[in-house]
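> no sequence for this one, just the structure:
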């Protein structure tokens with residue numbers, strides 16, 4: 001009988017581990033303190049944890065588990081809900097809140113009948129490069145099962161609220177793993193085969209380790225200033241084909257046309273964040289939302305918007321090469337717990353409107369800022 005939690009690295013993958021629950025509970029929010037500390041330490045070491053067979057995990061338990069990782073968490077979802085659902089935001093179609101536990105967001109694809117978690121009939125739309133990328137896939141490419149990384153990101157409002165430490169993502173309804181699509185890299189000709197709807201992860205530690213010494217020193221001494229209400233700021237813009245950042249075409253919403261914002265609430269975060277357990281440095285940039293880059297020592301701007309995007313793209317791009325990506329192929333009931341301050345992740349997959357996918361996602365704004373201990 002397995003009386004303690006068991007954690008095993010995922011064979012052949014650049015990051016991630018599988019969790020086997022102890023015999024005394026199937027609910028990870030109810031782990032005893034010793035087992036939970038093993039789980040928490042494993043999260044910081046492996047970055048992504050997969051707990052199978054959690055299809056019956058309630059939104060209440062998912063929320064309780066998520067906030068247990070960060071005692072400083074505030075009491076609301078990681079985004080301002082009104083701004084998140086604003087029709088002027090690139091996130092507007094990304095999900096719907098569970099009514100009784102609004103920190104848990106339902107994301108996915110297709111129309112679902114009334115009754116799920118107290119909802120009436122509702123429809124979800126899978127994010128697609130068709131609406132977000134500058135150069136979209138052709139009908140022929142889609143017919144040939146091509147797909148893209150949609151948007152590499154950290155789960156964070158990047159205005160007012162601090163980035164969550166942890167995100168939990170539960171596969172409630174998932175496409176068959178036998179469905180396969182291929183990501184082609186425009187700049188190198190490389191390719192990566194993924195299951196339809198796979199969630200792609202890269203390690204911020206790997207991203208930092210791949211930098212030259214000169215670029216490491218730059219990253220360690222640079223602050224990323226994010227745009228006010230960044231998802232509204234970029235909603236008219238289009239992304240690069242790899243989903244890493246936005247194409248600069250002057251389509252950003254003028255600052256004086258954004259919803260009310262305050263200088264004091266802008267997010268100015270280190271480019272490199274320190275792992276609290278391992279002490280490793282993680283390159284953590286949400287390049288789509290960057291506004292400018294600032295020298296941490298002098299406070300002077302070292303790169304305005306277009307150049308800042310180019311720099312961030314250059315720094316992160318090596319880490320999304322196929323050998324560094326863990327693309328999680330979902331099984332029903334998989335619970336992914338990922339260190340949101342240690343990985344960057346992306347949706348993948350082209351899905352027709354009749355393809356069903358339903359996930360429960362939970363992240364809660366932290367009460368502490370990421371730090372960089374140079």
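Ah, there it is. Fair warning: this is a prediction, and the values are worked out from it, not measured in the lab.

> quick one, helices of the stretch 101-250 of the chain?
Listed in chain order, the helices of the stretch 101-250 of the chain (DSSP state H, counting those that start in this stretch) span 129-132, 139-143, 204-209, 213-220, 230-233.

> which regions of the stretch 101-250 of the chain lie under the pLDDT threshold?
Applying pLDDT under 70 to the stretch 101-250 of the chain picks out no residues at all.

> Figure out which of the helices of the stretch 101-250 of the chain is closest to residue 71.
helix 204-209 (22.3 Å; C-beta to C-beta). For glycine as for every other residue, the C-beta is placed from the backbone atoms N, C-alpha and C.

> If you count neighbours, what's buried in the closest one?
204-208 (16 or more other C-beta atoms under 10 Å).

> Equivalent analysis for stretch 35-52, please.
Within stretch 35-52, the residues that qualify as buried are 35-36, 38-40, 42-51, counting by 16+ other C-beta under 10 Å.

> measure residue 261 to residue 223 for me?
Plainly put, residue 261 is 18 Å away from residue 223 if you go by C-beta to C-beta, to the nearest Å.

> for the protein, longest helix please?
Taking DSSP state H as the assignment, the helix of the chain that covers the most residues is helix 33-46.

> tell me how far that one is from the chain's mean position?
In terms of C-alpha atoms, centre = their mean, to the nearest Å, the centre of helix 33-46 is found 20 Å from the chain centre.

> what's the following helix or strand after that helix?
The first helix or strand that comes after helix 33-46 along the chain, using DSSP states H and E, is strand 48-51.

> Show me what that following strand is packed against.
In terms of contacts (3 or more C-beta pairs under 8 Å, 6 or more residues apart in numbering; DSSP states H and E), strand 48-51 is packed against strand 17-20, helix 33-46, strand 326-328, strand 335-339.

> List just the one of those that sits closest to residue 171.
Taking C-beta to C-beta as the criterion, strand 335-339 is the member of the helices and strands packed on strand 48-51 that comes nearest to residue 171, at 7.7 Å.

> Report the mean confidence score over the closest one.
Averaged across strand 335-339, the pLDDT comes to 98.

> got the contact list for that strand?
Defining contact as C-beta atoms under 8 Å, 6 or more residues apart in numbering, one finds that strand 335-339 is touched by 28, 39, 43-44, 47-52, 54, 57, 62, 65, 69, 165-171, 199, 201, 275, 328, 345.

> Give the full set of residues in contact with the closest residue to residue 129 other than its chain neighbours.
When the adjacent residues along the chain are set aside, residue 129 lies closest to residue 148, with 4.2 Å between them (C-beta to C-beta, 6 or more residues apart in numbering). Residues in contact with residue 148 (C-beta under 8 Å, 6+ apart) are 129, 133, 137, 183, 241-243, 348.

> count of residues packed around the nearest residue to residue 40 once chain neighbours are set aside?
Using C-beta to C-beta, 6+ apart and skipping the chain neighbours, the partner closest in space to residue 40 is residue 69 (6.0 Å). The criterion is other C-beta atoms under 10 Å. On that basis, residue 69 has 22 neighbouring residues.

> all helices for the stretch 251-374 of the chain, in order.
Using DSSP H, counting those that start in this stretch, the helices found in the stretch 251-374 of the chain span residues 305-316.

> how about residue 278, what does it touch?
Contacts for residue 278 (C-beta under 8 Å, 6+ apart) come out as 44-45, 205.

> Save those as a markdown table, and put in distance to residue 142 too.
A markdown table is the format used below for those (distance: C-beta to C-beta, whole Å):
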| residue | distance to residue 142 |
| --- | --- |
| 44 | 38 |
| 45 | 38 |
| 205 | 34 |
